[in-house]
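Student: The sequence and its predicted three-dimensional model are supplied below.
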Amino acid sequence: MKADFHCHTNASDGSLSPEALIDRAKQYEITDLAITDHDTTKGYESVLSYAEQQGIHLISGTEVSCQWQGKTIHIVGLNFDVHNSVLQGGLLWNRILRWQRAFQMISKLQKKNIQQVFEDLMPMVQTSMVGRGHFAQLLLQRGIVSSQQQAFDRYLTKGRPAYAAVDWPELSEVVGWITQAGGVAVIAHPHIYKMTSKKLNQMIVEFKAAGGQAIEVVNQPRVCAEQTGMADRAVRYELYASLGSDFHRPEQNWRGLGWLAPMPAKCKPVWSLWQPTEHLQC
């Protein structure tokens, strides 16, 4: 089994179509995959049959924005009922919040004499979820910045000219959406939130109390201190461990689809919640 349970398509802020992502997964011999587009299941739904044809076990997934103590947190939902009305209603609400933020960002960019943002943004977004990644790509295409990271650093992060805050739903509410749909809630990339160890542990306790079951332990190709720390937390708080590359686009060659270190032996893998025992080796 070779798995990746955190990746994106152009249904949110990835660059590949869902079909192209499946082709890439097959190319890299991935057997089990979750497409986790931000606040939508459109990518997963559009490609379920194609994945089956290609011999890839595709489970439902999404990455949902929420907040905890005023800080934006991402929760990955895995293996849920995609038709659940509570979850889909919550995802729709988040997409509305995203568009409200987008219009605020457009207005702020206009004040910096960056015009026709909406007109250029729409062909990129089309009917998908709008995110800051689209703005970063637009700034890059116009030559205003030299990389997507520079777009965030100069314009899109907190304290920068085009940043707009979002009042996301609370973490406990988002976990409830996922669990009510029969899914597994996973704390995504916990190392990026720049919390103290004590604060992160407090969030994990509240996440678990709300019904959360897993934490993303492996999201890099090599074993590192961050992975070891998250594996220790998975054991300490009796959480299942997930793994995912957070793949967005091929040019990000440091973040390849399925390019992940092995799951630490001491962890309970998240896929044991839905896979038959004979398929649990990874």
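Tutor: Perfect, I can see it now.

Student: Which parts of the stretch 151-282 of the chain are helices?
Tutor: All helices of the stretch 151-282 of the chain, identified by DSSP state H, counting those that start in this stretch, fall at 171-180, 197-209, 225-236.

Student: Out of those helices, which gets nearest to Leu109?
Tutor: Smallest distance to Leu109 across these (CB to CB): 28.9 Å, for helix 171-180. Glycine gets a C-beta too; all of them are placed from N, C-alpha and C.

Student: who's in contact with that closest one?
Tutor: Here helix 171-180 makes contact (CB atoms under 8 Å, 6 or more residues apart in numbering) with 64-68, 73, 75, 77, 80, 84, 86-87, 90-91, 184-185, 203, 206-207, 209-212.

Student: Next step: those restricted to strands.
Tutor: Secondary structure from DSSP state E places 64-68, 73, 75, 77, 184-185 of the contacts of helix 171-180 in strands.

Student: from those, which two are the most distant?
Tutor: Of all pairs drawn from those, the greatest distance, 20.7 Å, lies between Gln67 and Val184 (CB to CB).

Student: Looking at these two, which is more packed in?
Tutor: Per other CB atoms under 10 Å, whichever of Gln67 and Val184 has more neighbours is Val184, with 24 against 17.

Student: Surely that one and Gly211 touch.
Tutor: No - with contact defined as CB atoms under 8 Å, Val184 does not reach Gly211; the gap is 9.7 Å.

Student: which residues does Ala188 contact?
Tutor: 6, 63, 73-76, 216, 244, 246.

Student: Identify, from the residues you listed, the entry nearest to Lys112.
Tutor: Distances from Lys112 to the contacts of Ala188, taken by CB to CB, are shortest for His74, at 27.8 Å.

Student: Count the neighbours of the closest one for me.
Tutor: Using other CB under 10 Å, His74 has 23 other residues around it.

Student: That one reaches Thr62, doesn't it?
Tutor: No - under the criterion of CB under 8 Å, His74 makes no contact with Thr62, lying 10.2 Å away.
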